[in-house]
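Asks: Take this sequence and fold it.
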Amino acid sequence: MLVVTGTGTGVGKTMVTAAIAALAKERGQRVAVLKPAQTGVLPEEPGDLAEVRRFAGDLTARELRRYPDPLSPEAAARRSGIEPVTPAEAAKVASELDAEHDLVLIEGAGGLLVRFDPGGSTLADLAWSLGSLVLVVAEAGLGTLNATALTAEVATSRGLNVAGVIIGSWPSDPGLAELSNVADLPVAAGAPLLGALPAGLGELTREEFLVQARDGLSPWFGGEFDPECFAGSTSAQT
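Replies: Numbering: from 1, shown residues only. Model prediction:
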């Protein structure tokens, strides 16, 4: 199992989840994706799991709770009157999926400490209960080092293992901050750079997406991304 968290909202968690799932399916693995809480999406609208399936193809997808307001799961549950999802519930479903699949990806909502319920339960609690590795999806630009370091420090202090960090949306025309952060992000995370996916993946066809996933993800996920080559190519631009 792998818990996919972000340094905040809109950092590319869903595209990273889809890319990992797509490469795993290409290798013939049975893949399941669990979204404990989907916020900001109406019942009839496609959510993050629909986006994952659009690019990764047919796989097991479970969404435990959906809330219409674009807030934290706890706040969205409170406003909607819908029961909050708990880590215990999510862990039970994740364990059931793990028994029947080769890879289970758990995509959080926002960051590692975003609250699920009034008791203060978070994605970190879910990851700990499952003994799962944590993958941090980070932004490329200014401010990302602090957010990444905070996420990694919290994870480590709670007994979690950070597998690595992935840049969720690498710009086509990176500036000085983005170029410099390539070398600094793994230091901030205390874990290796396991990929960098280009911005705009949501506009690609499934075939084009798979090519970019392969280029942008580490061999750890079945890709061809080489952090040293990527860092070397970016350092030449500074």
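
Asks: contacts, neighbours, all on C-alpha from now
Replies: Noted.

Asks: any idea which helix or strand of the protein has the worst average confidence?
Replies: Within the chain, confidence by mean pLDDT, DSSP states H and E is lowest for helix 227-235 among all helices and strands, at a mean of 80.

Asks: elements contacting that one?
Replies: Helices and strands in packing contact with helix 227-235 are listed as helix 176-189, strand 193-198; criterion 3 or more CA pairs under 8 Å, 6 or more residues apart in numbering; DSSP states H and E.

Asks: buried set for it?
Replies: Of the residues in helix 227-235, 227, 230, 231, 234 count as buried by neighbour count, 16 or more other CA atoms under 10 Å.

Asks: and the second one, how far is that from residue 100?
Replies: In other words, residue 230. In this structure, residue 230 lies at 36 Å from residue 100, with CA to CA, to the nearest Å as the measure.

Asks: now the buried residues of helix 227-235 as a markdown table including distance to residue 3?
Replies: Rendered in a markdown table, the data for those read as follows (distance: CA to CA, whole Å):
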| residue | distance to residue 3 |
| --- | --- |
| 227 | 21 |
| 230 | 25 |
| 231 | 26 |
| 234 | 28 |
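
Asks: Tell me the one of the residues you listed nearest residue 120?
Replies: Residue 120 lies nearest to residue 227 out of these, by CA to CA, at 36.4 Å.

Asks: Make JSON lines from the helices and strands packed on helix 227-235 and add distance to residue 14, mean pLDDT and mean neighbour count to it.
Replies: Written out in JSON lines, the entries for these read as follows (distance: least, CA to CA, whole Å; pLDDT from 0 to 100; neighbours: other CA atoms under 10 Å):
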{"stretch": "helix 176-189", "distance to residue 14": "20", "mean pLDDT": "96", "mean neighbour count": "19"}
{"stretch": "strand 193-198", "distance to residue 14": "11", "mean pLDDT": "97", "mean neighbour count": "25"}
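
Asks: Of these, give the one that comes closest to residue 80.
Replies: Checked against CA to CA, the stretch from those lying closest is strand 193-198, at 34.6 Å.

Asks: Enumerate every residue touching residue 42.
Replies: Residues near residue 42 by CA atoms under 8 Å, 6 or more residues apart in numbering: 66, 67, 68.

Asks: coming back round to it: which residues does the least confident helix or strand of the chain contact?
Replies: Outside helix 227-235, the residues that touch it by CA under 8 Å, 6+ apart are 179, 180, 182, 183, 193, 194, 195.

Asks: Likewise for stretch 83-92?
Replies: 36-37, 64-65, 73-74, 77-78, 116-117, 121-123, 125-126, 129-130.

Asks: again, 7 Å this time
Replies: For stretch 83-92, contacts defined as CA atoms under 7 Å, 6 or more residues apart in numbering pick out 36, 37, 65, 74, 77, 116, 117, 121, 125, 126, 130.

Asks: Against residue 138, how distant is residue 212?
Replies: Residue 212 is 18 Å from residue 138, where distance means CA to CA.

Asks: what angle sits between the least confident helix or strand of the chain and strand 193-198?
Replies: Orientation note: helix 227-235 sits at an angle of 50 degrees relative to strand 193-198 (axes from the mean of the first three to the mean of the last three CA atoms, to 10 degrees).

Asks: the inter-axis angle of helix 227-235 versus helix 176-189?
Replies: 150 degrees.

Asks: Grab the CA positions of helix 227-235 and hand them over as CSV.
Replies: Below are the C-alpha coordinates for helix 227-235, written out as CSV (Å, rounded to 0.1, in the frame of the first residue of the first chain):
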residue,chain,number,x,y,z
PRO,A,227,16.8,12.2,-10.7
GLU,A,228,20.5,12.8,-11.4
CYS,A,229,19.9,13.3,-15.1
PHE,A,230,16.9,15.6,-14.4
ALA,A,231,18.8,17.6,-11.8
GLY,A,232,21.8,17.9,-14.2
SER,A,233,19.6,19.1,-17.1
THR,A,234,18.0,21.7,-14.8
SER,A,235,21.3,22.9,-13.3
